[in-house]
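**Q** A structural model of the following input is requested.
(2 chains)
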Number of protein chains: 2
Amino acid sequence: MTSERTKVRRLPERGAYDSATIHEILDQNFVCHVGFNAEHGPVVLPTLFGREDDVIYLHGSAGAHMLREMKTEVPVSVAVTSVDGIVAARSHFHHSINYRSVVIFGNAAEVADVGEKLHALEILTNHVMPGRWDEARQPNTAEFTQTLVLRLNLDEASAKVRTGPPHDEAEDMDLDTWAGIVPMRVVAGEPIPDPDMKADAPLPPSVRATLDRWSSD
Amino acid sequence: MTSERTKVRRLPERGAYDSATIHEILDQNFVCHVGFNAEHGPVVLPTLFGREDDVIYLHGSAGAHMLREMKTEVPVSVAVTSVDGIVAARSHFHHSINYRSVVIFGNAAEVADVGEKLHALEILTNHVMPGRWDEARQPNTAEFTQTLVLRLNLDEASAKVRTGPPHDEAEDMDLDTWAGIVPMRVVAGEPIPDPDMKADAPLPPSVRATLDRWSSD
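**A** Numbering: from 1, shown residues only, chains lettered A, B, ... in the order given. Modelled structure (predicted):
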């Protein structure tokens, strides 16, 4: 999964290239930031994604600017980032963030095959809410046609991970400055049923799985 | 703050261009995703930022690939995204995410002036941890020289916000499918003092402010 452009250039000891690490970071997130070159210059936009094996899928409205620009095998870069904590050091220079990120390079291509496209929508849906695909109404033909799905291979992907305490200079170790980590994470709150829902409808498995996944415990 | 490229093209009713909205979203986050064109194509990388007035500052090692590429007034795009919840609809087509995002276009330029550069580092530091600048050791000359700071104006910035319940089709309203929102947010955990800290050092104001800001209550 390496190429000249996937090499982690800055602090290479933080780089990881194995599939397991890359897949784990991708599977812990569902929002990515996609970069591509529009006519007027670089554009970065947030969007959802799903992963299966060594492929990620993106989707959106067939009318969307981003997807129209990207459907014809244009080069893109996709970044996925988990922020795990703020690292407070004794000097400003050594302040940092604990994080896990994946950066992917490649050519996004439209998924034209109907079977793969439907499968990709299932992957995307279940990536955001595990098991949701079996609970909600499947797309009808009009909805399916209005949706564009893109495939991006993970052939050129790398991960970068920072963990642990600050790395301070020896001469700063006697300072009284507080140093350490403020851990950060994403948590789910109490589900809010749609106002038009029947009262007391039980939470379906996908919502319970989502609460487990982003549990505050 | 509008231009042809800042116009929110997809679902324009979700677009917002006022400074107050844009500043609020930027101030609630400290990680952005920066996109630029490298020789081999588009690159998106996560990095920290700080905001003051209508400017954001980015920083990094003077040796870093990203910053070397960007210091000479190259066009960049920067996206900042808060994920506020997963929106579960009765049909897959209407599944969505509640979010607040800002997308900026512009030319990043190196901050060469020593006074502005030091000020920018203070802005960046306090953007991540309110008040931290006064607590830790200031950069020495070597550290200052090794750090590159970039300025990006918010002249071309737009916000996009989705809130509220799913928007289902009328014909789906009788389905038994659970619909609603699973709220998501970022919270800070119990601070972890550096193992080399003196025992029982009190938490400084910056850490207490960070815990308040990302409180789980």
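**Q** use CA for all of it now, contacts and neighbours both
**A** Noted.
**Q** now for chain A, the helix or strand with the poorest mean pLDDT.
**A** Least confident helix or strand of chain A, by mean pLDDT, DSSP states H and E, is helix A:65-70 with a mean of 66.
**Q** tell me the strands beside the helix or strand just after that helix, with direction?
**A** As assigned by DSSP states H and E, the chain's next helix or strand after helix A:65-70 is strand A:72-88. Taking DSSP bridges as the criterion, strand A:72-88 forms sheet pairs with strand A:31-38 (antiparallel), strand A:96-110 (antiparallel), strand A:180-188 (antiparallel).
**Q** got TSV for the ones you listed, with mean neighbour count too?
**A** Formatted as TSV, the entries for the strands paired with strand A:72-88 read as follows, by neighbours: other CA atoms under 10 Å in any protein chain shown:
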stretch	mean neighbour count
strand A:31-38	25
strand A:96-110	23
strand A:180-188	21
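**Q** please produce CSV containing the ones you listed, extended by mean pLDDT.
**A** Listed next are the strands paired with strand A:72-88 as CSV, based on pLDDT from 0 to 100:
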stretch, mean pLDDT
strand A:31-38, 95
strand A:96-110, 96
strand A:180-188, 98
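**Q** just how off-centre is stretch A:48-64 within its chain?
**A** Centroid separation between stretch A:48-64 and its chain, computed with CA atoms, centre = their mean, to the nearest Å, is 11 Å.
**Q** correction: the previous question concerned stretch A:93-100.
**A** Here the centre of stretch A:93-100 is set off from its chain's centre by 19 Å, with CA atoms, centre = their mean.
**Q** what's the angle between the helix or strand hosting A:Y57 and strand A:72-88?
**A** Per DSSP H and E: A:Y57 is located in strand A:55-61. Put simply, strand A:55-61 runs at 100 degrees to strand A:72-88, going by axes from the mean of the first three to the mean of the last three CA atoms, to 10 degrees.
**Q** show the average pLDDT along strand A:55-61.
**A** The average pLDDT for strand A:55-61 rounds to 93.
**Q** now swap in stretch A:154-170 and tell me
**A** For stretch A:154-170, the mean pLDDT works out to 96.
**Q** what about it, start to end distance?
**A** Terminal residues of stretch A:154-170 are spaced 41 Å apart (CA to CA, to the nearest Å).
**Q** and if you look at stretch A:161-172?
**A** Using CA to CA, one end of stretch A:161-172 lies 25 Å from the other.
**Q** does any part of that stretch sit near chain B?
**A** Yes. Using CA under 8 Å from any CA of the partner chain, stretch A:161-172 reaches chain B at A:165-166.
**Q** pull out the buried residues from that stretch.
**A** Buried residues in stretch A:161-172, counted by 16 or more other CA atoms under 10 Å in any protein chain shown: A:161-162, A:165-168.
**Q** which one of those is nearest to chain B?
**A** Within those, the smallest distance to chain B is 5.8 Å, found for A:P165 (CA to the nearest CA).
**Q** surely the closest one meets A:I181?
**A** Yes. With contact defined as CA atoms under 8 Å, A:P165 counts as touching A:I181 (6.3 Å).
**Q** what do the two both touch?
**A** Shared contacts of A:P165 and A:I181, defined by CA atoms under 8 Å, 6 or more residues apart in numbering or on different chains, comprise A:87, B:194.
**Q** these two touch, right, A:H40 and B:N37?
**A** No. Under the criterion of CA under 8 Å, A:H40 makes no contact with B:N37, lying 11.9 Å away.
**Q** okay, now the domains of chain A?
**A** A:4-183, A:187-217 (automatic domain parsing).
**Q** deepest-packed of the ones you listed, please.
**A** Counting by mean count of other CA atoms under 10 Å in any protein chain shown, domain A:4-183 has the highest mean neighbour count of the domains of chain A, with a mean of 19.
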